[in-house]
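Novice: Sequence plus the predicted model coming up.
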Amino acid sequence: MNNQRAGLIIAAAALAVCFTAPGTATAQSHASVVRPPIVGLAHVGLYVKDISQADEFYGHVLGFSHFSLDKPSGGLFLNYYKINDRQYIEIYPGLKDDSQDRLSHVAFETTNIRQLRDYLASKGVEVPSSLKTGLDKNLSFTVSDPENRRIEFVQYMPGSLHSTKFGKLMPDTRISDHMIHAGFIVHDRAAEDRFYKEILGFKVMWYGGMKDNVVNWVDMRVPDGNDWIEYMLNVNNPSVRTRGVMNHFALGVKQIQPPYRSILSRGYKPPEPPKIGRDGKWQLNLYDPNLTRVEVMELKPAQTPCCSPMILK
């Protein structure tokens, strides 16, 4: 999986040079701007109250190593828990109270950030007027989707904080080496489809619900990779607990039992043992200290999914 994705990124980056010259805000007329590849999830950003408690969960229970980024003025900005060279869980201090959404943002990797900025601008999406290197020395920008969810796009740059650690900080203690999806509450599916499907090129891979005739979840795969986002529908006035269940991310595994045994051995007891979900896949629900759900999920269905065919690449 990782080698295949890396190969796609390298090939796409080479092709992207043909479209947009580095440092050019708009190299072509709006009508001719082509969407560059969006190859997968780059990270999810989460707010927490207590960094040490978050480290116990993400570092010890889930087994991920991390590195940090400080604010220019001093003090911790965030911790990056590394899933693989191209995927991270970003943990931010500063969760104030239960009214604050724990999910800060969801980020996707692109092979040409400047071209993607120009492309989105050509589709009427509000984007920054220019791109600047971030504190981590990558290029990225953030937009708001129709639900006002912060969506970030990133291109890993040579010499960045991330690229200098490629091949490092990936211990055998990790319960997974791939984040396969991120989910969040959606009130207007049609509006989200106009953004993710019509503009960004995401494609439906499966939809279903607790009952066969009700759609509660819609899985939308990135256009140039295997990762997906999950619309969490029919959620109104959620409690803190429910919001944490819905605004979640998932870690992919080949088999559910090895990570289940690992987390038990590390002193964490899940609310319930692994079970087969409506999508036919074995899954295990874990919760961080601030009630954000981390779904551990087998990559392939063990039985026929309900509700709609699942389109597997």
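Specialist: Perfect, thanks for sending it.

Novice: In the sheet, which residues pair with residue 44? Tell me.
Specialist: For residue 44, the beta-bridge partners are residue 89, residue 106 (DSSP bridges).

Novice: tally of neighbours for residue 287?
Specialist: Taking other C-beta atoms under 10 Å as the criterion, the count of residues near residue 287 is 17. Yep, even glycine has a C-beta here, placed from its N, CA and C like the rest.

Novice: Contact partners for the closest residue to it other than its chain neighbours?
Specialist: Leaving aside its sequence neighbours, residue 287 sits nearest to residue 293 (C-beta to C-beta, 6 or more residues apart in numbering; 5.7 Å). Shown in contact with residue 293 (C-beta atoms under 8 Å, 6 or more residues apart in numbering): 244, 245, 246, 247, 248, 285, 286, 287.

Novice: Now do the fourth one against residue 241, distance only.
Specialist: In other words, residue 247. Distance, residue 247 to residue 241, using C-beta to C-beta, to the nearest Å: 11 Å.

Novice: How about the contacts made by residue 298?
Specialist: With C-beta under 8 Å, 6+ apart, residue 298 has these contacts: 252, 253, 254, 255, 256, 281, 282, 283.

Novice: confidence score at it?
Specialist: Here the pLDDT value assigned to residue 298 is 98.

Novice: and the gap between it and residue 180?
Specialist: From residue 298 over to residue 180 the distance is 10 Å, taken as C-beta to C-beta.

Novice: list the residues that contact both of those two?
Specialist: What both residue 298 and residue 180 touch, as defined by C-beta under 8 Å, 6+ apart, is the set residue 252.

Novice: before we move on, back to that, please convert the contacts of residue 293 to a markdown table, extending it with distance to residue 73 and pLDDT.
Specialist: Converted to a markdown table, these look like this (distance: C-beta to C-beta, whole Å; pLDDT from 0 to 100):
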| residue | distance to residue 73 | pLDDT |
| --- | --- | --- |
| 244 | 31 | 97 |
| 245 | 36 | 98 |
| 246 | 34 | 98 |
| 247 | 29 | 98 |
| 248 | 32 | 98 |
| 285 | 38 | 98 |
| 286 | 34 | 98 |
| 287 | 33 | 98 |
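
Novice: Which of those sits closest to residue 206?
Specialist: Closest approach to residue 206 among the contacts of residue 293 (C-beta to C-beta): residue 248, at 16.4 Å.

Novice: My guess is the closest one contacts residue 183. True?
Specialist: Yes - taking C-beta atoms under 8 Å as the definition, residue 248 is a contact partner of residue 183 at 5.1 Å.

Novice: So for residue 290, what's the pLDDT?
Specialist: So residue 290 comes in at 98 (pLDDT).

Novice: Helix or strand: which one has residue 46?
Specialist: Taking DSSP states H and E as the definition, one finds residue 46 inside strand 38-48.

Novice: again with residue 219
Specialist: Here residue 219 is assigned to strand 217-221, by DSSP H and E.

Novice: I'd like the average pLDDT over that strand.
Specialist: pLDDT averaged over strand 217-221 gives 98.

Novice: for stretch 48-63, same thing?
Specialist: Taken as a whole, stretch 48-63 carries a mean pLDDT of 98.

Novice: Need the CA coordinates for that stretch. PDB is fine.
Specialist: C-alpha atoms of stretch 48-63 as PDB (Å, rounded to 0.1, in the frame of the first residue of the first chain):
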ATOM      1  CA  VAL A  48      -7.300  17.800  23.900                       C
ATOM      2  CA  LYS A  49      -7.400  19.100  27.400                       C
ATOM      3  CA  ASP A  50      -4.400  17.300  28.800                       C
ATOM      4  CA  ILE A  51      -1.300  16.600  26.600                       C
ATOM      5  CA  SER A  52       0.000  14.000  29.000                       C
ATOM      6  CA  GLN A  53      -3.300  12.000  29.000                       C
ATOM      7  CA  ALA A  54      -3.400  12.300  25.200                       C
ATOM      8  CA  ASP A  55       0.100  10.900  25.000                       C
ATOM      9  CA  GLU A  56      -0.800   8.000  27.200                       C
ATOM     10  CA  PHE A  57      -3.600   7.100  24.700                       C
ATOM     11  CA  TYR A  58      -2.000   7.900  21.400                       C
ATOM     12  CA  GLY A  59       1.600   7.100  22.400                       C
ATOM     13  CA  HIS A  60       1.200   4.200  24.800                       C
ATOM     14  CA  VAL A  61      -2.100   2.500  24.000                       C
ATOM     15  CA  LEU A  62      -2.000   3.000  20.200                       C
ATOM     16  CA  GLY A  63       1.800   2.700  20.100                       C
END
